[in-house]
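J.: what's the 3D shape of this:
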Amino acid sequence: MENMSMVQARTPESLKANAIDILDKLGLNLSTYINMSLSQLVIHKGIPFEVKLNPAMYTIDEVVEEVDATLRMEGLKLEEDEIQLLRMYRMGKVSGDDLRKRILQEV
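T.: Presented below is the predicted three-dimensional model:
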């Protein structure tokens, strides 16, 4: 393992607290984020990514209604098990990859 070095930076306390709160929600800590950022900066010779929490634009019920309405326009019906999968996805309880696997198993 490579030797580690300390990095010190001055930042407003409120900014640090807000950043730590967001990183906690993303399952990261400040040290990991700094290392991720520095690695990507070096690899891409610039800042190539944006990591953020996006506030939901629609409630889960609104999403289900929109998907259902779209399918009905095509003569299709959203089944109850599909509604539950959609809800689980929107709540972050199942990933898009997991949903793809389930769909491909049914085909």
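J.: Mind giving me the packing neighbours of the helix or strand bottoming out on mean pLDDT in the chain?
T.: Least confident helix or strand, the chain: helix 96-106 with a mean of 86, by mean pLDDT, DSSP states H and E. Secondary-structure packing of helix 96-106 (3 or more C-beta pairs under 8 Å, 6 or more residues apart in numbering; DSSP states H and E): helix 80-90. In short, each C-beta sits where N, CA and C put it, glycine included.
J.: So for the helix it packs on, what gets flagged as buried?
T.: Across helix 80-90, burial judged by 16 or more other C-beta atoms under 10 Å covers E82, L85, L86, Y89, R90.
J.: now the helices: where do they sit in the protein?
T.: For the chain, the helices defined by DSSP state H cover 13-26, 30-44, 60-73, 80-90, 96-106.
J.: Among the ones you listed, which comes closest to N3?
T.: Closest to N3 of those is helix 30-44 (C-beta to C-beta; 13.8 Å).
J.: quick one: contacts of stretch 64-78?
T.: Residues outside stretch 64-78 that contact it (C-beta atoms under 8 Å, 6 or more residues apart in numbering) are Y58, I83, L86, R87.
J.: Flag the shaky bits of this protein, pLDDT-wise.
T.: Within the chain, no stretch has pLDDT under 70.
J.: ok so, going back, distance to P48 added to the contacts of stretch 64-78, as JSON lines?
T.: As requested, the contacts of stretch 64-78 are exported to JSON lines (distance: C-beta to C-beta, whole Å):
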{"residue": "Y58", "distance to P48": "29"}
{"residue": "I83", "distance to P48": "37"}
{"residue": "L86", "distance to P48": "31"}
{"residue": "R87", "distance to P48": "33"}
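J.: Show me the two of those that sit farthest apart.
T.: Greatest spatial distance in the contacts of stretch 64-78: Y58 and I83, 14.8 Å, computed using C-beta to C-beta.
J.: Excluding sequence neighbours, find me the nearest residue to A19.
T.: Excluding its sequence neighbours, the residue lying closest to A19 (C-beta to C-beta, 6 or more residues apart in numbering) is L30, at 6.8 Å.
J.: got it, and V63?
T.: Residue nearest to V63 in three dimensions, not counting chain neighbours: R90, with 5.7 Å by C-beta to C-beta, 6+ apart.
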